[in-house]
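Peer 1: Mind folding the following:
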Amino acid sequence: MKFVVSAPTRKAQMEQLRRDRATAPVLRTAFPTLQHLRIELRFQGSGSSVPTSQTHMLYPPARAFFEYRCPYSDCDGQFDLDGAVTAALADATHRAEGVLECHGSRGQDHASRRACLLQLIYEVTATYQQQS
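Peer 2: A predicted model of the protein is given here:
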């Protein structure tokens, strides 16, 4: 007997991300001296329609959750920026930048799926409260 395990649907993945975000601590608890966190995302790909840039400003009440879905609607991939945020918080300049590649698959049906390979160029900047 052969069992087929299907990959999670996009809807199921989005629901899981929503649950994970909801259970993440808020920034003021995770990083008490943080004033805000700026996450800039730029995308680079081989196709003619590359997603537009995104900027996320996270303030103390925001959840400390740093995973972002691939912006292509037919892709099942995501970008995990936990390491980038940790690096920015630990670095003396309070910045981290780098490139990640989407390892998801694109396509509407299983037979036509292909590797996404969209590149994310990120910059994370942490701003701390002034010491008084």
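Peer 1: which residue ranges form the strands in this structure?
Peer 2: Per DSSP state E, the chain carries strands over the ranges 34-44, 54-58, 67-69, 78-80, 95-101, 105-106, 114-115, 119-128.
Peer 1: In a markdown table: those strands, plus mean neighbour count.
Peer 2: The C-beta positions use only the backbone N, C-alpha and C, and glycine is treated the same way. Putting those into a markdown table (neighbours: other C-beta atoms under 10 Å) gives the following:
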| stretch | mean neighbour count |
| --- | --- |
| strand 34-44 | 17 |
| strand 54-58 | 14 |
| strand 67-69 | 16 |
| strand 78-80 | 17 |
| strand 95-101 | 15 |
| strand 105-106 | 18 |
| strand 114-115 | 12 |
| strand 119-128 | 18 |
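Peer 1: and the gap between the residue nearest the centre of the chain and Arg28?
Peer 2: Centroid-nearest residue in the chain, with C-alpha atoms, centre = their mean: Tyr68, separated by 2.6 Å. Tyr68 sits at a distance of 21 Å from Arg28 (criterion: C-beta to C-beta, to the nearest Å).
Peer 1: For Gly45, see how far away the nearest residue to the residue nearest to the centre of the chain once chain neighbours are set aside is.
Peer 2: For Tyr68, the nearest residue in space outside its immediate sequence neighbours is Phe79; the separation is 4.9 Å by C-beta to C-beta, 6 or more residues apart in numbering. Phe79 sits 13 Å away from Gly45, going by C-beta to C-beta.
Peer 1: Asp74 touches Gly107, doesn't it?
Peer 2: Yes. Between Asp74 and Gly107 there is a contact at 6.2 Å, judged by C-beta atoms under 8 Å.
Peer 1: Lowest mean pLDDT among the helices and strands, pick that one out for the protein.
Peer 2: helix 10-23 (a mean of 85; mean pLDDT, DSSP states H and E).
Peer 1: Can you name every helix or strand that it contacts?
Peer 2: strand 67-69 (3 or more C-beta pairs under 8 Å, 6 or more residues apart in numbering; DSSP states H and E).
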